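Novice: Structure, please.
(one chain, ligands or ions: 4)
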Amino acid sequence: MSLSRRVFLKNSSLLSLFAGFGVPWSVIATEIEKVKTGASAANESVIRYVKSTCAHCVNFCGINIKLENNIIRSIYPDEARAEFYNHGICPKGVSGSFNTYNPYRIKTPLKRTNPKKGLDQDPGWVEISWDEAFDTITKKLQRIREDDPRKFVWQHGHGKYLIGDKFPKAFTAAFGTPNLVHRTTSCEAARHVADEITWGYHGFLPDINECNYLLNFGANYFEGEQFARWLDHTVTDAKERGMKVVVVEPRLSNSAAKANEWIPVRPGKDILLLLGMARILIQENWIDREFLTQYTNAPNLVDTNGEFLRDKDGQALVWDQVTQQAVAFSSGRIKPELAGRFTHNQKEYSTAFQVFADSLNTLNDKDIAEEAGVPAATIRRLTEELAKQAQIGATVVRNGQTLRYRPVAIHTFRGLAAKQYGVQNWRAGLIVQMLLGSIDAVGGLNLHSVHKKPGYMEPAEAEYPPTRVDLQESIFFPHATHNVAQQVAKTILEPKKYGLPYTPEMQIFYATNRPFSTTDSKEQFKSLEKTYNVVIDIVMSETAEMADIVLPDLTYLESWHLSPTRYTPATKHTAIRQPVTNVFNLPHDGFSIIWELASRLGLRDQYIEQINKKWGLKKNPLKTGRDYSAKEVVENLWLEKTKGKEFSYAVEHGFSGKHLSENDTYLKGVEAKFKGAGKPKMQFYAESMLGTLFNIKETVKQHDIKNIDLDDYQVSLSPLPLRVHSMPVPHRNKDKYPFYIITYKRMNRTQSGNTAMNPLLNALGPEADENFVLINEQTAIELKLKEKDKVQIETRVGSVEGRVKLTQCIRPDTLAVSYHYGQQSLGMPDYARKGIWINSILESHSDLVSGMDSFNDSVCRLKKV
Ligand SMILES: Nc1nc2c(c(=O)[nH]1)N[C@H]1C(S)=C(S)[C@@H](COP(=O)(O)OP(=O)(O)OC[C@H]3O[C@@H](n4cnc5c(=O)[nH]c(N)nc54)[C@H](O)[C@@H]3O)O[C@H]1N2
Ligand SMILES: Nc1nc2c(c(=O)[nH]1)N[C@H]1C(S)=C(S)[C@@H](COP(=O)(O)OP(=O)(O)OC[C@H]3O[C@@H](n4cnc5c(=O)[nH]c(N)nc54)[C@H](O)[C@@H]3O)O[C@H]1N2
Ligand code: SF4
Ligand SMILES: [Mo]
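Specialist: Ligands and ions are numbered 1, 2, ... in the order given. Model prediction:
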């Protein structure tokens, strides 16, 4: 560290001299220009620029790094990428070098000497050599592998994006454990699973460039940047051309502040708003009948048990308007009825659409308005606007192709997802868009890889006993396909409760602060006392403090990788990340750590074979029998992905982009997969979830499982979103807890805390230095609270203290505390350990369908201290 700082000072001496003597900036600028062009003989600085990709957060913006004598001077956006995705970069990206030049980085492997683990314990770290570290870890892994490889658990979070999840997946496959666990259930998994159940894959973006009306349920793209900052600038441009933006969110986020309208919904009650809108759309006949009958299963006949009427081949039947019979929708001559009740073989059936319409009739405007906290007149007006702007039936010609035109989209990120009933919440959003026919239409909601995995639309097997420690796809979380991050700790603490046939003994955490970033965090930490832990991180996170061995890592500015990327509806690209420095001369990064472990375990060739398989390397496979550096592997991956584009192009430009045709953007999705007779259909009505429920009931009987509450599963696995889904567990016990509490992200911070040590991001002033309890001004007056008063927030699982910030920008019944603060690690400097550890008091009630963690469902009381 001291060495690099000396070098840094030497090379910046010219500029600091000028600045110190009050030389005007114009003179400094001229000097800089000389330095740039190499014209200053006195200071033989060599300036160069390197194109790479930011991996400070999950957006992977293109960057252009300016180096002076190999020291990072500045990080700029890579202007060439603007055409494809990111315009500009954010404050974290700009100041990313401060995380790399951070003196508090881990610089050598560490070994714990205090066997007692806990956030209040001094681990008694001693420095060890890399060789000793690898030797110790390999011996542990070897023993476990001989005994039962499943007892080894690999967990990653941000690590997935640093080297891609295919290397860890290849390693765990070669090792023989099913237990690789990523973080998506603490992120947005419910949204993905709702998509999967409905249309067979996950991922969507509003088609902003063509959209005229964006109804956004709390996707906060102006603070929690998404899709490589594509959304924020595209929304800004679209607003200038007249697109209306309505943000539904309990707190006036930056995105709501920049919208045309803010609807401060009561936390968790958005689903009522969506159901209320659906009700009006149906009552007023503002629906796209053609879309509903041709692309979705809304016309399917449903019996009184909620199941589809099927023929002997298992084909679901519809009611044909022409022949007045129940038939499979197998030919274009058949005209399915969308609504109505019909008799077939003396039994009564309703169409799925009718079942939904009937369920909505149990709601009324007044109740919805009261429960959601949004006036009935507002809900009606928004629905009218949405229906009018949708231009149901319209088409548009683009490049000679006639396309469906519905320039309205409903969007969300964690706003609807980070909840106990997250799947049902987003299902409601999808259903409203099916009613409008805006899915995959020009200007509507653009879907990603439609029907790529048809199995997602089938009933889940709901296995028992579970294969995996996180209980993914088991009877406990039948449709969880993105791992169940927060469950690992719970299963480790009580393996028998879940029928896990083995007890995990060792975990490797690669770039994740898992227990800190999930709800009910303190409980999560207890599980780390039970296992032997290796943590690979760049700083001493809270998880690292619970490790037996800590391994340092190179940062994203110091390492090679084929970068993950973010697509947009009309573009995609392949990008690389390349190192520009190695501040502490570290010999290893995540990639080479895995390589070394595989080699020492005698698994290298199996690992290589798995890499070829997971990455699908056909033309450029890695060869067995030899070692590869990260750079060599990145070259192979680049060649495979770009179909042979020179690697020197990647090194020079950092990426290669592509514009998609109208055909790719609009005609390969629902048009190709679902439209018309004889095709599978989007699940307007998710009958598959009843199949899942049936499988669960059978398994419960067969294994006599006691700790499954079938009533809870019945509610969660409902084929349609219902009013009960606006009542997560804590809301049902609200009497003694008058406030809802929600969390949110902030522009100047990343996730659970490595930005807490970035001096630029951590010294922006009292506003940004720590988090606070955001409270409505009126509520504060009633509670006799003044700005900055110290308060205690208490939920049913714990309490924290913090200072209030009075604002008009939040509902009177809601408190908000941001994520990213409240660091506890003794390995961090005092200045980084500030603010409220909000996850330590949030209740954990995972979504039983997807495994999603419940970040925004808790209720609390507040008192002055
Ligand atoms: N209350 C609340 N909780 C939340 C959220 C919220 O909004 N509110 N957000 C949730 C979301 S969306 C997510 S995705 C999860 C995130 O949860 P995690 O996956 O746990 O992500 P982080 O907390 O950022 O942990 C990442 C770790 O990686 C380390 N790291 C950074 N760069 C490198 C590197 O180059 N190499 C290595 N080895 N390590 C590195 C960091 O120091 C940090 O310790 O948190 C969730 N938790
Ligand atoms: N600056 C920054 N940007 C980031 C990240 C970061 O750590 N820092 N992390 C990245 C990651 S991993 C992710 S997943 C994305 C997440 O991006 P977002 O999902 O947009 O961000 P969040 O802040 O997690 O949650 C969104 C909003 O949900 C609102 N909300 C809470 N409860 C409710 C509710 O009941 N209804 C509605 N409608 N809204 C509610 C909160 O006020 C918050 O503004 O951000 C990414 N971008
Ligand atoms: S949004 Fe994320 S990826 Fe983009 S510059 Fe900021 S920190 Fe880097
Ligand atoms: Mo996330």
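Novice: all contacts plus neighbour counts: C-alpha atoms, from now on.
Specialist: Will do.
Novice: can you count the residues close to whatever residue of the stretch 251-400 of the chain ends up closest to ligand 1?
Specialist: Closest contact between the stretch 251-400 of the chain and ligand 1, by C-alpha to the nearest ligand atom, is at Ser253 (12.9 Å). Ser253: 24 surrounding residues under other C-alpha atoms under 10 Å.
Novice: which residues sit in contact with it?
Specialist: Going by C-alpha atoms under 8 Å, 6 or more residues apart in numbering, Ser253 touches 220, 223.
Novice: would you list every one of the helices in the stretch 151-300 of the chain?
Specialist: Here the stretch 151-300 of the chain has its helices, by DSSP state H, counting those that start in this stretch, at 159-163, 166-175, 189-199, 230-240, 254-257, 270-283, 289-295.
Novice: nearest to Ser52, of those?
Specialist: helix 159-163 (13.0 Å; C-alpha to C-alpha).
Novice: Need the residues that contact that closest one.
Specialist: With C-alpha under 8 Å, 6+ apart as the test, helix 159-163 has contacts from 55, 58, 165, 182, 510-512, 556, 561-564, 590-591.
Novice: Considering only these, which also neighbour ligand 2?
Specialist: Checked against ligand 2 using C-alpha under 6 Å from any ligand atom, the contacts of helix 159-163 give the following subset in range: Val58.
Novice: Surely Tyr221 and His233 touch.
Specialist: No: using C-alpha atoms under 8 Å, Tyr221 is not in contact with His233, being 9.4 Å away.
Novice: Could you measure from Glu662 over to ligand 3?
Specialist: Relative to ligand 3, Glu662 is positioned 27 Å away (C-alpha to the nearest ligand atom, to the nearest Å).
Novice: Roughly how far does Phe509 sit from ligand 3?
Specialist: Counting by C-alpha to the nearest ligand atom, the gap from Phe509 to ligand 3 is 22 Å.
Novice: Tell me, how many residues neighbour that residue?
Specialist: The number of residues packed near Phe509 is 23, by other C-alpha under 10 Å.
Novice: do Arg406 as well
Specialist: The number of residues packed near Arg406 is 31, by other C-alpha under 10 Å.
Novice: repeat for the one 10 residues further on
Specialist: Neighbourhood size, Leu416 [other C-alpha under 10 Å]: 32.
Novice: Which strands or helices does whatever helix or strand it lives in pack on?
Specialist: Here Leu416 sits within helix 414-417, counting by DSSP states H and E. In terms of contacts (3 or more C-alpha pairs under 8 Å, 6 or more residues apart in numbering; DSSP states H and E), helix 414-417 is packed against helix 189-199, helix 422-436.
Novice: Looking at Tyr221 and His233 now, which is surrounded by more residues?
Specialist: The neighbour count for Tyr221 versus His233, taken as other C-alpha under 10 Å, is higher for Tyr221 (23 against 16).
Novice: Dump the longest strand along the chain to PDB, restricted to CA.
Specialist: Once the chain is assigned using DSSP state E, the strand that runs over the most residues is strand 798-807. Output of strand 798-807 as PDB, limited to C-alpha atoms (Å, rounded to 0.1, in the frame of the first residue of the first chain):
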ATOM      1  CA  GLY A 798     -35.600  -6.800  17.200                       C
ATOM      2  CA  SER A 799     -34.900  -3.100  17.500                       C
ATOM      3  CA  VAL A 800     -32.400  -0.600  16.200                       C
ATOM      4  CA  GLU A 801     -31.700   3.100  16.900                       C
ATOM      5  CA  GLY A 802     -31.300   5.900  14.400                       C
ATOM      6  CA  ARG A 803     -32.000   9.500  13.700                       C
ATOM      7  CA  VAL A 804     -35.200  10.700  12.000                       C
ATOM      8  CA  LYS A 805     -35.300  12.800   8.900                       C
ATOM      9  CA  LEU A 806     -38.600  14.700   8.400                       C
ATOM     10  CA  THR A 807     -40.000  14.800   4.900                       C
END
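Novice: follow-up on the earlier one: of all the helices of the stretch 151-300 of the chain, which one is nearest ligand 3?
Specialist: Closest approach to ligand 3 among the helices of the stretch 151-300 of the chain (C-alpha to the nearest ligand atom): helix 230-240, 9.7 Å.
Novice: what mean pLDDT would you report for the closest one?
Specialist: Across helix 230-240, the average pLDDT comes to 95.
Novice: what does it rub up against?
Specialist: Here helix 230-240 makes contact (C-alpha under 8 Å, 6+ apart) with 85-87, 208-209, 211-212, 221-222, 225-226, 245, 568.
Novice: How about that helix and ligand 3, touching?
Specialist: No: judged by C-alpha under 6 Å from any ligand atom, helix 230-240 stays clear of ligand 3, getting no closer than 9.7 Å.
Novice: follow-up on the earlier one: what about the longest strand of the chain and ligand 1, any contact?
Specialist: No: on the criterion C-alpha under 6 Å from any ligand atom, strand 798-807 is out of touch with ligand 1, staying 13.3 Å away.
Novice: List, one by one, the residues from the protein near ligand 1.
Specialist: Near ligand 1, when you scan the chain using C-alpha under 6 Å from any ligand atom, you find 157-158, 183, 186-187, 510-514, 517-518, 536-539, 541, 553-556, 743-745, 751-752, 754, 819, 838-839, 855.
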